[in-house]
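Asks: Let's see this in three dimensions:
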Amino acid sequence: METYTLLLVDDEADVLKAINKKMNWAELGFSVIGFADNGLKALELVEKYQPDVVMTDINMPYMNGLELTQRIKEDYPATKMLIFTGFDEFEYAKEAIRLEVGDYILKPASSLELTEIFSQLKEKLDREISESRNVESLQQYYQDSLPLMQTNFYSTLIEGRIKEEELAKYLKDYQIPLTGPFYCCLVLHTSLSQVPEGMNPLLVVASVQKQAKEYFGKKWSVAYFTYLGDTIMLVQLANENEISSLTDECDRFCKYILRLLRAVVTMGIGQVCGELLDLDQSYTSGRMAVSYRGLYGASRVINIKEIAPQEMEKFNLVDESELAELFKKIHIGPVAAITKAAQQYLDHVYASAKTWQQHTVVVAELIGALYRFAANNNLTVEAFAGNLKELYANLPDLEPDALSQWLTAISIDLHEKLRNARSKTTATLVQKAQEYVRNHYSEASLSLDDVCQALGVSNAYFSSMFKRETEKSFISYLTDYRLDWASRLLLETDEKSYVIGQRVGYTDPNYFSYVFKRRFGISPVKYRTGITNREA
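Replies: Modelled structure (predicted):
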């Protein structure tokens, strides 16, 4: 049975106790997560717990129940609202209807009446959950998720991790538009080191992919996705001989992109295959074709069958899943896991590369992948700051232990730089939020929404990040900042306490006195006189 959370709000403590005592909440399917004696405190609890239901009185200090209802409806529309009040007035009831309040309950209400109301509310909440899980909603969600699932399928396919007995089900469930009868994998590599001045490299990559879809879509049936920084194109062919015209088309496209975007693009064409499960070999040979750009030049197409037919048939590059796992560990750590992932990758390198030429190609691929990773994450790495040609020339000559040390060191360096970049970004965001508070704390309407809008981040992300960095919620930080200033002004000026309250953002003097006493244990007046007397 679903259990829903409930927040009770009333400025009369006896009323709250009476309601809580006479109701069997667990039997009704509810759990009371808190009590509040005014609207502002209730709003803080709603922000903290996000209850399913709030039952509130109307007449309360600092913020009445209707204002509270409107704020909750704006920020937490899924929360159900109940009004529990002694005011039997048409205007209140009309406003409650406008705010789509679930029920308007007049005091005093018997336990039987409240039981009936909450039983009906429980049924309504259960129905909403059921509807959210119904087939139609799931089907819509499924359709919305298809592009991502298809991309995951394509990535797994070219990694060679799709089992033959599972293929038909994947094709049907994911609505994969690959019918053959022949297939070929193209690797579209956009140079990140030769980007037009003033252009973001990632935007260039995205623009090239967009142009490819428009250019090839007129004639060829192609599935596109991004994998390890490159655009992968799975092309369907009517017969094996079409590969010649496809190669010519790709060469024209590379030159077209150079003229249009001034971007340097190399396309590697892998071997043609008649089975989908052989596309991993086609991808491997396509990646190898791209790696030959150092020999044959960029801004062109390289067909592996034309330049290295014998190597293509005998040699498969390392399983890309190992490299993907290394990058994953670089992102999340720890160092021990990074070291292990680096060694596992190199173990596969030495197991798969049987000749010196093959080893050189694999190491060159590794250098390129690491460079793309650093560039995509805007990281400056010393290993890539010097002469890249020397790196490509010297790294394959390293002994296994030395190569392992180099890869481990650069992977840990990338991890540390990523972590520092994330930490710096978070710290900067917190500093900007604190600066915003310093500049706007006197505004009574200042809220979490205002700060998030100014910083351009979501409430959920900002709240969790701010609390993690400061160990306080934003509301608590704002309240403490205002009260710290208020305590200073009480001691350093002769202004009335209500004037000081207004200066720090509290328009209601009673509420200012309430929050001040909650923080310091005494009222503003006693705080001023108490400190002064002790000093005397």
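
Asks: residue ranges of the helices in the stretch 351-500 of the chain, please?
Replies: All helices of the stretch 351-500 of the chain, identified by DSSP state H, counting those that start in this stretch, fall at 356-376, 382-385, 388-394, 400-440, 448-455, 459-470, 474-492, 497-503.

Asks: In contact with Asp10, which residues?
Replies: Leu16, Ile19, Asp37, Thr56, Asp57, Met60, Phe84 (CB atoms under 8 Å, 6 or more residues apart in numbering). Bear in mind the C-beta positions are built from the backbone N, C-alpha and C, glycine included.

Asks: if I look at Gln211, how far off is Thr190?
Replies: When CB to CB, to the nearest Å is the yardstick, Gln211 and Thr190 sit 11 Å from each other.

Asks: Quick check: buried residues in stretch 21-36?
Replies: Met23, Leu28, Gly29, Phe30, Val32, Ile33, Gly34, Phe35, Ala36 (16 or more other CB atoms under 10 Å).

Asks: can you give me the end-to-end distance of that stretch?
Replies: End-to-end span of stretch 21-36 (CA to CA, to the nearest Å): 16 Å.

Asks: outside of it, which residues touch it?
Replies: Looking at stretch 21-36 with CB under 8 Å, 6+ apart, the contacting residues turn out to be 1-9, 16, 20, 42, 44-45, 49, 51, 53, 111, 114-115, 118-119, 122.

Asks: which outside residues touch the helix or strand harbouring Gln343?
Replies: For Gln343, the host element (DSSP states H and E) is helix 335-352. Outside helix 335-352, the residues within contact range by CB under 8 Å, 6+ apart are 315-319, 322-323, 325-326, 328-330, 358-359, 362-363, 366, 400, 403-404, 407-408, 411-412, 415.

Asks: For Pro201, state which of the contacts of Asp10 is nearest.
Replies: Thr56 (53.5 Å; CB to CB).

Asks: Who is that closest one paired with across the strands?
Replies: Using DSSP bridges, the bridge partners assigned to Thr56 are Val9, Ile83.

Asks: pLDDT wise, what is it at?
Replies: Per-residue pLDDT puts Thr56 at 90.

Asks: do the same with the one 3 residues further on
Replies: Confidence per residue is given as pLDDT, and for Asn59 that number is 85.

Asks: repeat for Glu214
Replies: Reported pLDDT for Glu214: 92.

Asks: what's the helix or strand for it?
Replies: Element membership for Glu214, per DSSP H and E: helix 201-216.

Asks: neighbouring contacts of that helix?
Replies: In contact with helix 201-216 (CB under 8 Å, 6+ apart) are residues 188, 190, 192, 195-196, 222, 224, 226, 229, 231, 233, 235, 249, 253, 256-257, 260-261, 263, 265, 375-376.

Asks: what does stretch 477-490 give?
Replies: Contacts of stretch 477-490 (CB under 8 Å, 6+ apart): 434, 437-438, 441, 446, 466, 470, 472, 495, 497, 500-501, 503-506, 512, 515-516, 519-520, 524, 527-528, 531.

Asks: Can I have the buried ones of these as a ChimeraX selection?
Replies: Burial among these is assessed by 16+ other CB under 10 Å; the matching ChimeraX selection reads:
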select :434,437,441,446,466,497,500,501,503,504,505,506,512,515,516,519,520,524,527,528
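
Asks: Measure how buried Glu345 is and give me the count.
Replies: Actually, residue 345 is Tyr. It isn't Glu. Counted by other CB atoms under 10 Å, the residues lying close to Tyr345 total 24.

Asks: With Val457 as the reference, measure out to it.
Replies: With CB to CB as the criterion, Tyr345 and Val457 are 36 Å apart.

Asks: quick one: pLDDT of the one residue sitting closest to the centre of the chain?
Replies: In the chain, the residue lying closest to the centroid (CA atoms, centre = their mean) is Tyr461, at 8.8 Å. On pLDDT, Tyr461 comes in at 73.

Asks: And it, how far from Ala454?
Replies: 14 Å.

Asks: and the helix or strand where Glu27 lies, C-alpha only, in PDB?
Replies: Assigned by DSSP H and E, Glu27 falls within helix 25-28. Taking only C-alpha atoms (Å, rounded to 0.1, in the frame of the first residue of the first chain), the coordinates of helix 25-28 have been written out as PDB:
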ATOM      1  CA  TRP A  25      -2.700   8.100  10.000                       C
ATOM      2  CA  ALA A  26      -1.000   4.900   9.200                       C
ATOM      3  CA  GLU A  27      -4.300   3.100   8.700                       C
ATOM      4  CA  LEU A  28      -5.400   5.800   6.300                       C
END
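
Asks: Would you tell me what the next helix or strand after that helix is?
Replies: With DSSP H and E, the next secondary element past helix 25-28 is strand 30-36.

Asks: Give the partner strands of that next one in its sheet and their orientations.
Replies: In the sheet, strand 30-36 lines up with strand 4-9 (parallel) (DSSP bridges).

Asks: Between helix 356-376 and the helix holding Glu214, find me the angle.
Replies: For helix 201-216 against helix 356-376, the angle by axes from the mean of the first three to the mean of the last three CA atoms, to 10 degrees is 110 degrees.

Asks: What sits closest to Thr303 if chain neighbours are left out?
Replies: Slight slip there: residue 303 is Asn, not Thr. Spatial nearest neighbour of Asn303, excluding adjacent residues (CB to CB, 6 or more residues apart in numbering): Ile269 at 4.3 Å.
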